[in-house]
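*Asks:* Next comes the sequence, and after it the predicted model I'd like to discuss.
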Amino acid sequence: MNYLTYSERINYLFYLIKNERISSPKIIAEQFGCSEKTIRNMINHLRNKGFEIEYCKYNKKYLLRN
């Protein structure tokens, strides 16, 4: 995956989290055509940029804290 594709996927992943439209890392990985570890790395990249992202075990999805 090249940088542009990776960057676009991170932006789309952030959009999904922000709008509470994201589900489990497994489903997102299947949609993106990558591994669950890559999805977790992307989420950690967003966290390192300062976004407070948490995983809700009850709803089984990532949430953006305000």
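*Replies:* Happy to help now that I have it. This is a predicted model, so every value here is computed, not measured.
*Asks:* for this protein, longest helix please?
*Replies:* Scanning the chain for the helix with the most residues, using DSSP state H, yields helix 3-18.
*Asks:* what helices or strands is it leaning on?
*Replies:* Other elements packing on helix 3-18 under the criterion 3 or more CB pairs under 8 Å, 6 or more residues apart in numbering; DSSP states H and E are helix 25-32, helix 36-48, strand 61-64. In this view, the C-beta of every residue, glycine as well, is placed from N, C-alpha and C.
*Asks:* List of residues touching stretch 13-22?
*Replies:* Around stretch 13-22, the neighbours that count as contacts under CB atoms under 8 Å, 6 or more residues apart in numbering are 28, 39, 42, 43, 46, 51, 53, 61, 62, 63, 64.
*Asks:* pLDDT on it, on average?
*Replies:* For stretch 13-22, mean pLDDT rounds to 91.
*Asks:* go on, stretch 58-66?
*Replies:* Stretch 58-66 shows an average pLDDT of 86 in the prediction.
*Asks:* what do you get for stretch 32-39?
*Replies:* The average pLDDT within stretch 32-39 is 91.
*Asks:* Contacts only, for residue 64.
*Replies:* The neighbours of residue 64, taking CB under 8 Å, 6+ apart as the test, are 17, 18, 51, 52, 53.
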